[in-house]
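Would you be able to build a 3D model of this:
(one chain, ligands or ions: 2)
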Amino acid sequence: TNKATTVKLLDMKREKRNIVMLTAYDYPTARVAEEGGVDMILVGDSLGMVVLGYDSTLPVTVDDMIHHTKAVTRGAKETMIVTDLPFLSYHISTPEAVRNAGRLIQEGFADAVKLEGGREVIEQVRAIVRAGIPVVGHLGLQPQMVNQLGGYKVQGKDFAGAQRILEDAKLLEEAGCFALVLECVPTKLAQLISESLSIPTIGIGAGDGCDGQVLVIHDMLGITDRYLPKFAKKYAELNVAMTDSVRAYAGEVRDGVFPGPEHGFKMSDEVLQKVKE
Ligand code: KIV
Ligand code: NA
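Ligands and ions are numbered 1, 2, ... in the order given. Below you'll find the predicted structure:
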């Protein structure tokens, strides 16, 4: 199979072939991502916002992630699937982090897990990797920290912030992460980090100097009426097509246009006659 592995992704970085990652949250989005030919699927905890309608990713639970990951893995059997460890599922203790990562693999059938943070989660990363579970890091804007950050903002623009992100990136590589997501950091910082690591970086709002890119599928397909950050390029406006279609259906039912004879099933007059008697 063509399914990506941690080793193949390292090769892609060395060969300067950009890695394509996209989120998926259920069977149909997983089918689309796989048929569209992405290298990796992320079952992001962004599902809390784009499919469950929460204001942030904080309410998302491990059970939510397992539920969605199961649907995605059924829809994309030939694609590497990474699932997010949600808020508070890896902070309380290292054994709990390993247990929760293990559940995403054993119950959700994910291939790898992703978690946010740097120096403060290094011990958890090491322990999860020791258990045989591949780990993706996530630095820059960490949406699970939104209440501490005071909003979704670019990270690492000042010296202290930039230095901290670069140091954390090196620590995560050393701890055994096989890839690193960089969210909302200046292009030049992301490029410097990418050049400083041997594992691939995957950027979102982090410019073209990363080894790969990731987008949220609902954002790039325009299946959403939510405010989009400037890095979320829209390749379609499916919400318009979807709303227009529903409006057309509603109008046709009300006007008696749908269903037409071609949408119904026939029976013989003879049987009908007997039923009437
Ligand atoms: O949850 C998510 O979709 C993510 C990506 C934005 C990287 O973490
Ligand atoms: Na996430």
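
What are the phi and psi values at Gln213?
Per-residue torsions, Gln213: phi -130, psi 150 (degrees, to the nearest 10).

Can the helix or strand of the chain with the lowest mean pLDDT be said to contact ligand 1?
Lowest by mean pLDDT, DSSP states H and E among the helices and strands of the chain is helix 146-149, with a mean of 94. No - if you take CB under 6 Å from any ligand atom as the test, helix 146-149 misses ligand 1, and the best it gets is 12.3 Å. From N, CA and C alone the C-beta is placed, and that goes for glycine too.

residues in contact with that helix?
The contact list for helix 146-149 (CB atoms under 8 Å, 6 or more residues apart in numbering) reads Ser56, Thr57, Leu58, Leu141, Gln142, Tyr152, Gln155.

What about those residues, which are in helices?
The members of the contacts of helix 146-149 all map outside helices under DSSP state H.

Report the two of these separated the most.
Leu58 and Gln155 (18.1 Å; CB to CB).

In contact with the residue nearest to Thr187 when sequence neighbours are not counted, which residues are there?
Distances taken as CB to CB, 6 or more residues apart in numbering place Gly207 nearest to Thr187, at 2.8 Å, with adjacent residues excluded. Residues near Gly207 by CB under 8 Å, 6+ apart: Pro186, Thr187, Lys188, Ala190, Gln191.

Contact partners for the residue of the stretch 51-200 of the chain found nearest ligand 1?
With CB to the nearest ligand atom as the measure, Val181 is the residue of the stretch 51-200 of the chain nearest to ligand 1, at 4.8 Å. Contacts for Val181 (CB under 8 Å, 6+ apart) come out as Lys114, Val136, Gly137, His138, Leu139, Gly140, Thr201, Ile202, Gly203, Ile204, Val214.

Tabulate these in TSV, adding columns for neighbour count.
As requested, the contacts of Val181 are exported to TSV (neighbours: other CB atoms under 10 Å):
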residue	neighbour count
Lys114	25
Val136	27
Gly137	29
His138	26
Leu139	26
Gly140	26
Thr201	28
Ile202	30
Gly203	28
Ile204	28
Val214	25
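
Tell me how far Arg126 lies from Glu167.
17 Å (CB to CB, to the nearest Å).

for Ser93, that is, sorry about that
Ser93 is 24 Å from Glu167, by CB to CB.

do Ile223 as well
If you go by CB to CB, the gap between Ile223 and Glu167 works out to 38 Å.

Would you mark the buried spots in stretch 63-76?
Asp64, Met65, Ile66, His68, Thr69, Lys70, Ala71, Val72, Thr73, Gly75, Ala76 (16 or more other CB atoms under 10 Å).

Surely the fifth one is in contact with Ile105?
No - counting by CB atoms under 8 Å, Thr69 does not reach Ile105; the two are 9.2 Å apart.

quick one: is the helix or strand containing the residue of the stretch 51-200 of the chain closest to ligand 1 near ligand 2?
Per DSSP states H and E: Val181 is located in strand 179-183. No - for strand 179-183, no contact with ligand 2 is found by CB under 5 Å from the ion; the gap never falls below 8.0 Å.
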